[in-house]
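In: Give the three-dimensional model of this entry:
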Amino acid sequence: MSLSEDDGFRADPVDAHPARIAAPASPAPVARRAPALIEPAPAEPPGKPRRVRKVVLTALLAAALGGGAYKAHAWWTVGRFFVSTDDAYVQADISVLAAKVPGYLASVPIVNGQAVRKGDVIALIEDGDYRLAEQAAHDKLVTQQAAIARIGRQVEAAQAQMLQASAQIDASKADAVRAAADYARQQQLEKVDFVAKARIEQARADRDRTDAAVKGAEASLVAMRANVEVLRAQGKEAEGLAAELRTAEARAARDVAFSTIRAPFDGVVGNKAVEAGAYVQPGSRIAALVPLESVRVDANFKETQVERMHPGQRVHIAVDAYPDRDIVGEVESLSPASGSVFSLLPPDNATGNFTKIVQRLPVRVHVPVDVAREGILRPGLSVTVRVDTRDEARSGDDHVRTAKR
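Out: Below you'll find the model as predicted:
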């Protein structure tokens, strides 16, 4: 029985050869079974995937163009007027409280982070020695005031003596007039030889004596006047010394007052450096006082960013510590010089090679009072500021506010 090619075999012409018939027959090849037929899924129309893809791409392109147009419009109408920098920090006029007089600290009734009001006690220095010095100065002043009063009484007595000397002059002059008249009368009588020579001599002596008495009284009055001037000068000297003593007493009282260190303004205590029992010298650091209600932002803009910037423009402040808050302030002032000019070693470009470096100009930004009073802005915090340089966007025309982003 022979197999046809339709069954998967071909006839070999050498199979009829006798030698081939004697050889052992090789295993017949197994016929391959055709795989089972699987009905294919109904094919989609050829144009449908292409149409879907086209719609999606068109929608994405339209969205991209719309978003780009929106961004471009926003930049053209708003964004191009904003200049920003992240080289900005919260600042405040921090006061370092220090001792004015030396001594041991009796107590330091404050802790770091404590809010204090103006006049609250920060530290107390033992004031026993200063109170004794104040009392000694007061006692010296009282003694000097008594000396001034004594000199005043002496002046009054000297003025009374002046009045007495003046009256004595008048009396001496009257005696002199009488003695001169008597001497003249005796001279007339001597011409007619009607008076004794002894009487004439007596009259002459009385005249000379009264004249001398007048001169003596006048000299005494001059001395009295000089004595009054001396006493008055002593009184002025005593008053000058009393003024010095009053100054010394006031200085001693100030030392007593300086033994109590008080807060110069409202703020929060930080960086406390001493404890009770420590010995402090004048200038020794006690603590730092931070006025959180008057914080500001100092932003360092590049010199290429300040062309259209001026005080009064609105500023958006983004604090790194509070990313969800948008604080709206305003430009308060621009520094009169770049930061490098005020550095310890300002640049000198007159010698050597020159490499141009973009300078930065400090700009002070005012923080709204209501935000500052919240106490959330602490000096040293990093912020990002965006200045709206449009003239119509000045915050002086609008209410400075804070808002949620």
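
In: In terms of secondary structure, what does the longest strand along the chain contact?
Out: The residue-count maximum for a strand in the chain (DSSP state E) belongs to strand 322-334. Applying 3 or more Cβ pairs under 8 Å, 6 or more residues apart in numbering; DSSP states H and E, one finds that strand 322-334 contacts strand 314-319, strand 360-366, strand 402-404. From N, CA and C alone the C-beta is placed, and that goes for glycine too.

In: Next, format those strands as TSV and append mean pLDDT, mean neighbour count and distance to Ala133.
Out: Formatted as TSV, the helices and strands packed on strand 322-334 follow (pLDDT from 0 to 100; neighbours: other Cβ atoms under 10 Å; distance: least, Cβ to Cβ, whole Å):
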stretch	mean pLDDT	mean neighbour count	distance to Ala133
strand 314-319	93	22	51
strand 360-366	94	20	46
strand 402-404	40	10	54
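
In: Name all residues that make contact with Ala106.
Out: Leu124, Ile125, Glu126, Ala276 (Cβ atoms under 8 Å, 6 or more residues apart in numbering).

In: for Asn227, that is, sorry about that
Out: Residues near Asn227 by Cβ under 8 Å, 6+ apart: Ala158, Gln161.

In: Kindly recompute the last result at 6 Å.
Out: Ala158 (Cβ atoms under 6 Å, 6 or more residues apart in numbering).

In: Could you point out the helix or strand that follows the strand or helix carrying it?
Out: Assigned by DSSP states H and E, Asn227 belongs to helix 197-258. As assigned by DSSP H and E, the chain's next helix or strand after helix 197-258 is strand 260-262.

In: Just give me the longest helix of this structure.
Out: Identified as the longest helix of the chain according to DSSP state H is helix 128-191.

In: counting contacts, what elements does that one pack onto?
Out: Packing partners of helix 128-191 (3 or more Cβ pairs under 6 Å, 6 or more residues apart in numbering; DSSP states H and E): helix 197-258.

In: I'd like the average pLDDT over the helix it packs on.
Out: Helix 197-258 comes out with an average pLDDT of 86.

In: any idea of the angle that helix forms with helix 128-191?
Out: Per axes from the mean of the first three to the mean of the last three Cα atoms, to 10 degrees, the angle that helix 197-258 makes with helix 128-191 is 170 degrees.

In: i'd like the first residue to be 54 from this point on
Out: Happy to do that; since the first residue is 54 now, the last one works out to helix 250-311.

In: The residue nearest to Glu187 when sequence neighbours are not counted: how many residues sit nearby?
Out: Leaving aside its sequence neighbours, Glu187 sits nearest to Ala305 (Cβ to Cβ, 6 or more residues apart in numbering; 3.8 Å). By other Cβ atoms under 10 Å, 19 other residues sit near Ala305.

In: can you pull the contacts of Ala305?
Out: Applying Cβ under 6 Å, 6+ apart, the residues near Ala305 are Ala186, Glu187, Ala190.

In: ok, and the most crowded of the residues you listed?
Out: Glu187 (21 neighbours).

In: Output the contacts of Ala159 in CSV; the columns should cover neighbour count.
Out: Output for these, formatted as CSV (neighbours: other Cβ atoms under 10 Å):
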residue, neighbour count
Leu177, 16
Ile178, 23
Glu179, 13
Ala329, 12
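
In: Closest one of those to Gly293?
Out: Ile178 (32.6 Å; Cβ to Cβ).

In: Can you read off the backbone torsions of that closest one?
Out: phi -100, psi 140 (degrees, to the nearest 10).

In: buried residues in the longest strand of the chain?
Out: Asp379, Ile380, Val381, Gly382, Glu383, Val384 (16 or more other Cβ atoms under 10 Å).

In: For that strand, what does the pLDDT average out to?
Out: So the average pLDDT for strand 375-387 ends up being 92.

In: go on, stretch 323-337?
Out: The model assigns stretch 323-337 a mean pLDDT of 93.

In: And that stretch, what's buried?
Out: Buried, per 16+ other Cβ under 10 Å, within stretch 323-337: Lys325, Val327, Val333.

In: tell me the centre residue of this protein?
Out: Asp146 (3.2 Å; Cα atoms, centre = their mean).

In: How much space separates that residue from Ala276?
Out: 68 Å (Cβ to Cβ, to the nearest Å).

In: and what of Ala116?
Out: According to Cβ to Cβ, Ala116 stands 118 Å off from Ala276.

In: same deal with Ser391?
Out: 78 Å.

In: In this structure, where is pLDDT below threshold?
Out: For the chain, applying pLDDT under 70 flags the ranges 54-101, 126-128, 130-132, 243-249, 444-458.

In: Using the record's domain definitions, break it down for me.
Out: The chain resolves into domains spanning 133-146+346-457, 148-180+313-341, 181-310 when parsed by automatic domain parsing.

In: and these as TSV, adding distance to Arg103?
Out: Compiled in TSV, the domains of the chain are given as follows (distance: least, Cβ to Cβ, whole Å):
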stretch	distance to Arg103
domain 133-146+346-457	42
domain 148-180+313-341	70
domain 181-310	93
